[in-house]
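[1] my questions concern the predicted model and sequence given below.
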Amino acid sequence: QVQLVESGGGLVQDGGSLRLSCAVSGRTFSTYAMGWFRQAPGREREFVGAITWSIGSTYYADSVKGRFTISRENAKNTVYLQMNSLKPEDTAVYYCAAARGPPIAYSSSYSDWGQGTQVTVSS
């Protein structure tokens, strides 16, 4: 099992930036990828992006491509989601999660989830 703790959410204006962090601990050797998902009120949880644990390849949803960047710092066992040019439609609770295998764009591939952090973008 992997334990995940997100931080860094908050309130930001349209066009602003935020960086979310996800501290990872536990049985990380079985982790294939770390993903970020988000869920807005009344909507289903959606894939934002992911990074493979060993190689560091990144993948993004079309809605955030070019604005969001996922990175990892192995020494700190931390994954980051840098969000730039934020829009009101990015408002959601953001979750990090650990996958043990592909496909990484589907929440069903993820076995461990953080508690989520709220991101609110005001217009």
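    It's in.
[2] so how far does stretch 52-72 reach from one end to the other?
    From its first residue to its last, stretch 52-72 covers 10 Å (C-alpha to C-alpha, to the nearest Å).
[3] any idea how far Ala97 is from the residue nearest in space to the middle of the chain?
    Centre of the chain computed as the mean C-alpha position; nearest residue by C-alpha atoms, centre = their mean is Trp36, 2.2 Å away. Taking C-beta to C-beta, to the nearest Å as the measure, Trp36 falls 8 Å from Ala97. Glycine gets a C-beta too; all of them are placed from N, C-alpha and C.
[4] OK, contacts around Leu81?
    For Leu81, the residues meeting the contact criterion (C-beta atoms under 8 Å, 6 or more residues apart in numbering) are Arg19, Leu20, Cys22, Trp36, Val48, Gly49, Phe68, Thr69, Ile70, Tyr94, Cys96.
[5] which of those residues fall within strands?
    Where those overlap with strands, as defined by DSSP state E, the overlap consists of Arg19, Leu20, Cys22, Trp36, Val48, Gly49, Phe68, Thr69, Ile70, Tyr94, Cys96.
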